[in-house]
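1. No sequence on hand, only this structure:
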């Protein structure tokens with residue numbers, strides 16, 4: 001009884017120490033993998049300033065996510081201050097990478113119409129989330145890369161909350177929307 005409990009406790013402590021020891025290696029790999037996947041999917045240059053992986057508590061935080069593409073056809077700029085994903089604790093995320101709660105803060109996206117319609121449809125595995133929160137985000141659509149101010153449409157999301165959803169596309173969360181505070185700025189400075 002007591003000896004078995006001490007053995008289990010010792011193994012658990014050793015497991016947690018091993019998880020903490022391998023976190024820096026996995027963080028470096030995750031930053032490269034995420035930036036590479038985003039850059040490849042959007043045919044753009046992508047970077048991630050910092051990754052904080054917590055295998056024991058169960059969490060992943062990306063800071064300074066940036067994707068940029070400028071070419072003769074159009075323009076794409078995506079900057080996200082922070083993305084937080086709650087993962088299963090105690091290293092279970094190594095086997096089950098399900099993101100329980102996903103939170104996106106400080107996102108700014110600006111895209112020209114030509115670039116938006118040229119984005120490839122990637123066949124990646126969808127991401128399942130139990131909940132999604134978006135705070136302080138702005139999406140700006142530019143009908144023309146040559147005259148970006150003409151016909152500009154800006155959607156500002158102060159706060160959005162969505163329930164459980166499989167995210168097959170960047171806008172899949174809309175179908176599980178539970179709360180939304182946002183406004184739209186249309187051409188001619190019309191605010192809705």
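-> Cool, got the structure. Predicted model, so just to flag it, every value in this text is computed and none were measured.
2. Tell me which residue lies nearest the centroid of the chain.
-> Centroid check for the chain by C-alpha atoms, centre = their mean gives residue 83 as the closest residue, at 5.2 Å.
3. Low-confidence stretches in this structure?
-> Along the chain, segments meeting pLDDT under 70 span 117, 119-123, 144-149, 192.
4. Could I get the full set of helices for it?
-> 2-42, 113-118 (DSSP state H).
5. Kindly reformat those helices as a markdown table containing mean neighbour count and distance to residue 72.
-> The way it works is simple: take the backbone N, C-alpha and C, and place the C-beta from them, glycine included. Listed next are the helices of the chain as a markdown table, based on neighbours: other C-beta atoms under 10 Å; distance: least, C-beta to C-beta, whole Å:
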| stretch | mean neighbour count | distance to residue 72 |
| --- | --- | --- |
| helix 2-42 | 13 | 17 |
| helix 113-118 | 16 | 9 |
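6. okay, now residue 89: neighbour count?
-> Using other C-beta atoms under 10 Å, residue 89 is surrounded by 14 other residues.
7. That one contacts residue 96, correct?
-> No - Residue 89 is beyond contact range of residue 96, at 10.8 Å (criterion: C-beta atoms under 8 Å).
8. Test my guess that residue 51 contacts residue 30.
-> Yes - contact criterion C-beta under 8 Å: residue 51 and residue 30 qualify, at 5.0 Å.
9. Tell me where this structure has strands.
-> Using DSSP state E, the strands of the chain run over 45-54, 59-70, 75-86, 99-112, 127-142, 153-162, 165-167, 177-186, 190-191.
10. who wins for proximity to residue 34 among the ones you listed?
-> Taking C-beta to C-beta, strand 45-54 is the member of the strands of the chain nearest to residue 34, at 5.6 Å.
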